[in-house]
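Enquirer: Test case, fold it:
(2 chains)
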There are 2 protein chains.
Amino acid sequence: MFVRLASAIALLASFPAIAVQDDLISEREADTARQLMEMGLASDTGYEIVRSLTTEVGPRLGGSQQEARARDWAVQMFTELGFSNVRVEPFEMPFWNRGPISAAIITPFPQPMLASALGGSAATPQGGLNAEIVFFDSFDALRDFDGSLEGRMAYVNDRMVRAMTGAGYGPANDKRRFAWLEAEARGAAGVMIRSVGTDSHRFPHTGMMSTPRADTVASGTHSQAVIDYLESEHPDFTERRVWSSIPAVALSAPDADQIERIHEAGETVRVSLSVVAGWRGNRQSGNVVAEIPGRERPEEVVLIGAHLDSWDEATGAVDDGAGVGIVTAAAHLIDQLPRAPRRTIRVVLFGAEEVGLLGAFAYASDNEADVPNIVMASESDFGAGRVWSLTSGTGEEGTRFMDEAQRIISPLGIIRGSRASRGGGPDIIPLAARGVPVFRLTQDGTDYFDLHHTPDDTFDKIDPEALAQNVAAWAAITWLIAETDVEFRTVTDDSE
Amino acid sequence: MFVRLASAIALLASFPAIAVQDDLISEREADTARQLMEMGLASDTGYEIVRSLTTEVGPRLGGSQQEARARDWAVQMFTELGFSNVRVEPFEMPFWNRGPISAAIITPFPQPMLASALGGSAATPQGGLNAEIVFFDSFDALRDFDGSLEGRMAYVNDRMVRAMTGAGYGPANDKRRFAWLEAEARGAAGVMIRSVGTDSHRFPHTGMMSTPRADTVASGTHSQAVIDYLESEHPDFTERRVWSSIPAVALSAPDADQIERIHEAGETVRVSLSVVAGWRGNRQSGNVVAEIPGRERPEEVVLIGAHLDSWDEATGAVDDGAGVGIVTAAAHLIDQLPRAPRRTIRVVLFGAEEVGLLGAFAYASDNEADVPNIVMASESDFGAGRVWSLTSGTGEEGTRFMDEAQRIISPLGIIRGSRASRGGGPDIIPLAARGVPVFRLTQDGTDYFDLHHTPDDTFDKIDPEALAQNVAAWAAITWLIAETDVEFRTVTDDSE
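Expert: Numbers count the residues shown, from 1 in each chain, chains lettered A, B, ... in the order given. Here you go, the predicted model:
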């Protein structure tokens, strides 16, 4: 605590040196933003929220009883913090969960492996299965494979590239999303992938699989074998729920290394696999919402969010307990000011993000009429690392405003990123698609994918100083956007 | 490879600058030692041995079928490398193993925990157990507890201190060794401990429990409650096999943090626990031995060892695949020289170390008549970190010899440590107790207890350059001791 306060004071000394250079933000408004930054750096509210959520709720898979407990927790927390209009917006969703798993190399060198079923995976047949591995260096190699996998286990080996921006995730994730489909179309008994992650610990990384859609078919994501399979067997392929009939699992990096080494030695690898997993019918989930009503334009809404659910194997500290703590604490700081900002600030804790952005889609469609009132939206969902860049995607005046806002928060170590970004965070995608302008306080994600979707995503991984820097930046930016009357939408945006 | 050769060459340039300062090692002998250091730094034999053992055998619990496979692997490896007198020296041992485990917090905040049964743990009753936790800050607090634990779960929370020398291990390990006994004597349903380790990952650290012995009773390790319990219920307490009737498990650090946080919030924690574990009768184990016969004094033996077994939950790369690779590669380098050293070099890969130094005790008692022929002994069993110190415990001439030997290997970054050390490594304990002089090439163990006894102890954790530095040091020191006719024993040593 002493250290945090000391560094806050050291940093604050430099805040006034950055003068406002445009007329879109007044010196007085800038002062309030700086005051919020001071408060954010000195506050442990965000950290305490993460502690509370990860300890008192723990894992909270979308659609589970634990996620329902998380909603109760969120309603109580918002209420205790004094927010207005606290509510749950419920929705129905298909529920997938898992039971025990065991995986092993059977020949040539028998030994157990650590694996995790991917979201949407089918179970193995009773008694498990035993199959020879067909080794693919990459998802592309599997997609280009010109043969049958009948009765065999497809294994996909490519590694994820570590990057501050998380840019390695998309390319590495093709295999998590679609390897099941390439394998199933070729008659495989199952599919194993090297975990999508950047660590070398003995933790598999779980994560949801995807269904093919018109756009992925059109973009060449799938092979001709898959397209033929879809046409003959699954003409209803637009169903969003993964319909795999084969088990799909991720191996920890060291276990993937074993398979790679044995394969490279010229040996054929046989594995056993037993997975309990499947769809369990429909369940209830919900988004939890709280507000600070605007003092002059209450119908105009600045939406800041995070997701409340987590994967089931950890307590979801960096994904996304951190986001819950950051946006809630930022709004709470604003709520401590003598008067509310002009526009309404709405905090949305989305449900069931991990299992397909289900809360985000429900929110956008259930609040269709209100979406035009959302002035700007953003989500914190990239861990607990420091913010280093502010991106936005708005009209021209909005861009100038965000340039100026960035100058105010620059003493926090934040540069100006893209002025033409469509990314506001995963749960903002359905809103952005409906024309809502977005911003993002981009975090340093260098280490994020060491923990992402593993059993190791726990509270001890949160750096309280980095979290406080996030809260400071979010409080300042959110307040500035809520206080101004700048219009962020642009009539020339082709998405509108 | 290129990097390794480059650094070897850079280092070699400095070797000749260290002149021999005494008459116990000739300049020509020093040159051969330096040549071995060059060869060691440039060789990947040690690394390839670890790769082979961890990949082709994998986990190898003492007494298991996998450990038998490891002996076959070792015999084949020694034979292929051209060693002489390759043999297995078998022994019988009591065998403990584990099945599935599940642990959870039941109230107030239900969530699963990751746990590992401690070696020697009993199983839970059919259907598992459900008990209230009694929280102890430390093993001492449990030992001093003046009450009953009837039907409850003792939980011991103290943390291990990180230290280059591993000095934090002993104090932290009291709870792993003896918490079961303090709990059982007070009627507890079971015992949970915070893992003995220095990491904060979601891996429990397993490890063997201990039995009380006359010396631990005399030294005050046990409470009066335990002493009373032993007298009334277990007068046969000198039995070496842990006879616990209650389950004993280690929790991962993040799970221990959860219990600590909930306890500190003033809540009572109830947990569920289901453990399959137990003693399975006697099994066969064995020590695997190979030699380079001495050219002049073949009956005099320099014994260098490592242990072949590992815990069952990982492939035992740092514990002790690294040691196997280091001492074997060092001896193999010596075997590449034009002529053998004067004395015999014997490599011993001990069986069943983790479960109570069983191979070490069997070796010493089965070779009782040969023990006086062992000139000096040492084991590599502290991971794969760099050697930074040479310690020894010998007579006066031996000490001067080791001083001189250290000057020769000092360019590897190795200082002179204790000259009165009784430590040659865990499996050397029974030999040292019989008067065999010891040395040790002390490794940097700062990170060793991050991995020790966890599922994360895998090949990817080995730094090939650090391993090669170990091989270089071991080759030089082992050869110097085997080539000299210095007598390392001392007639004034009170252990003789």
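Enquirer: Spell out which residues of chain A are next to chain B.
Expert: By C-beta under 8 Å from any C-beta of the partner chain, the residues of chain A that approach chain B are A:51, A:55-59, A:66, A:100, A:105, A:108-112, A:114, A:200-203, A:253-254, A:257-258, A:261-262, A:314-315, A:454-456, A:458-461. In this view, the C-beta of every residue, glycine as well, is placed from N, C-alpha and C.
Enquirer: Can you flag the buried ones in these?
Expert: The neighbour-count test (16 or more other C-beta atoms under 10 Å in any protein chain shown) applied to these identifies A:51, A:55-59, A:66, A:105, A:109-112, A:114, A:200-203, A:253-254, A:257-258, A:261-262, A:314-315, A:454-456, A:458-459, A:461 as buried.
Enquirer: I'd guessed A:M402 sits against A:G393; true?
Expert: No - between A:M402 and A:G393 there is no contact under C-beta atoms under 8 Å: 9.5 Å.
Enquirer: overlap in contacts of those two?
Expert: A:419, A:439 (C-beta atoms under 8 Å, 6 or more residues apart in numbering or on different chains).
Enquirer: quick one on the thing from earlier: from the buried ones among the residues of chain A next to chain B, which land in helices?
Expert: A:51, A:66, A:253-254, A:257-258, A:261-262 (DSSP state H).
Enquirer: ok, so of the residues you listed, who is nearest B:T216?
Expert: A:P254 (36.9 Å; C-beta to C-beta).
Enquirer: mind listing what A:V436 touches?
Expert: Per C-beta under 8 Å, 6+ apart, neighbours of A:V436: A:303, A:371, A:374, A:376-377, A:424, A:428.
Enquirer: nope, A:S392 is what I meant
Expert: A:S392 neighbours (C-beta under 8 Å, 6+ apart): A:398-399, A:402, A:418-419, A:421, A:437-440.
Enquirer: Among those, which are located in helices?
Expert: A:398-399, A:402.
Enquirer: roughly how far out does stretch A:388-404 sit from the chain middle?
Expert: Averaged C-alpha coordinates place stretch A:388-404 at 23 Å from its chain's average position (C-alpha atoms, centre = their mean, to the nearest Å).
Enquirer: What mean pLDDT does stretch A:171-184 get?
Expert: The average pLDDT within stretch A:171-184 is 97.
Enquirer: how about that stretch as CSV, C-alpha atoms only?
Expert: The C-alpha trace of stretch A:171-184 is given here as CSV (Å, rounded to 0.1, in the frame of the first residue of the first chain):
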residue,chain,number,x,y,z
PRO,A,171,-3.5,-17.6,-36.1
ALA,A,172,-2.9,-20.2,-33.4
ASN,A,173,-6.5,-20.4,-32.7
ASP,A,174,-7.6,-21.8,-36.0
LYS,A,175,-6.8,-25.3,-34.7
ARG,A,176,-8.8,-24.8,-31.6
ARG,A,177,-11.8,-23.5,-33.5
PHE,A,178,-11.9,-25.8,-36.5
ALA,A,179,-9.6,-28.8,-36.2
TRP,A,180,-12.6,-30.9,-34.9
LEU,A,181,-14.4,-30.2,-38.2
GLU,A,182,-11.5,-31.1,-40.4
ALA,A,183,-10.9,-34.3,-38.4
GLU,A,184,-14.6,-35.2,-38.2
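Enquirer: Show me what A:L273 is bridged to.
Expert: Beta bridges link A:L273 to A:A103, A:L129 when assigned by DSSP bridges.
Enquirer: surely it meets A:P100?
Expert: No - assessed by C-beta under 8 Å, A:L273 is found out of contact with A:P100, at 11.8 Å.
Enquirer: What part of chain A, helix or strand, is modelled with the least confidence?
Expert: helix A:2-12 (a mean of 39; mean pLDDT, DSSP states H and E).
Enquirer: ok, A:R283 touching A:S64?
Expert: Yes - proximity of A:R283 to A:S64 meets the contact threshold set by C-beta under 8 Å, at 7.4 Å.
Enquirer: A:R241 and A:S223: what is the separation?
Expert: In this view, A:R241 and A:S223 are 22 Å apart by C-beta to C-beta, to the nearest Å.
Enquirer: likewise A:G423?
Expert: 29 Å.
Enquirer: just A:G166 next, same as before
Expert: 27 Å.
Enquirer: now A:N97
Expert: Distance from A:N97 to A:S223, by C-beta to C-beta: 30 Å.
Enquirer: Same check on A:A317?
Expert: Taken as C-beta to C-beta, the span from A:A317 to A:S223 is 38 Å.
Enquirer: more neighbours, these two?
Expert: A direct count of neighbours by other C-beta atoms under 10 Å in any protein chain shown for A:A317 and A:S223 places A:A317 higher, at 26 against 20.
Enquirer: How about the contacts made by that one?
Expert: A:50, A:54, A:384, A:457-462.
Enquirer: Let's see if you can find the most crowded of the contacts of A:S392.
Expert: Neighbour max across those (other C-beta under 10 Å) = A:F439, 29 neighbours.
Enquirer: That one and A:I477 touch, don't they?
Expert: Yes - at 6.9 Å, A:F439 and A:I477 qualify as touching, with contact defined as C-beta under 8 Å.
Enquirer: Now do the shared contacts for those two.
Expert: Joint contacts of A:F439 and A:I477 (C-beta under 8 Å, 6+ apart) are A:L390.
Enquirer: Double-check that A:R162 belongs to a strand.
Expert: No - under DSSP: H, G, I helix; E, B strand; the rest coil, A:R162 sits outside any strand and is assigned coil.
Enquirer: and it, how many neighbours?
Expert: A:R162: 17 neighbours (other C-beta under 10 Å).
Enquirer: my read: it touches A:G168, true?
Expert: Yes - with contact defined as C-beta under 8 Å, A:R162 reaches A:G168; the gap is 6.3 Å.
Enquirer: Name the residues contacting each of the two.
Expert: Contacts common to A:R162 and A:G168, judged by C-beta under 8 Å, 6+ apart, are A:198, A:449.
Enquirer: Just to check, A:V57 is in contact with A:S64?
Expert: No - assessed by C-beta under 8 Å, A:V57 is found out of contact with A:S64, at 10.8 Å.
Enquirer: ok, the residue lying closest to A:G82 once chain neighbours are set aside - contacts?
Expert: Among residues not flanking A:G82 along the chain, A:D335 sits closest, at 6.3 Å (C-beta to C-beta, 6 or more residues apart in numbering or on different chains). With contact set as C-beta under 8 Å, 6+ apart, A:D335 has these partners: A:81-83, A:292.
Enquirer: and the residue nearest the centre of chain A, helix, strand or coil?
Expert: For chain A, A:D381 is the residue whose C-alpha lies nearest the centre (C-alpha atoms, centre = their mean; 4.8 Å). Assigned state for A:D381: coil (three-state reduction, three-state DSSP).
Enquirer: before we move on, what about A:V226?
Expert: helix.
Enquirer: With the one 10 residues further on instead?
Expert: Of the three states, A:D236 takes coil according to three-state DSSP.
Enquirer: One more: A:A188?
Expert: Relying on three-state DSSP, one would call A:A188 coil.
Enquirer: residue contacts, the closest residue to it other than its chain neighbours?
Expert: Distances taken as C-beta to C-beta, 6+ apart put A:L149 closest to A:A188, at 3.8 Å, once the chain neighbours are dropped. Counting by C-beta under 8 Å, 6+ apart, A:L149 touches A:134, A:183, A:186-189.
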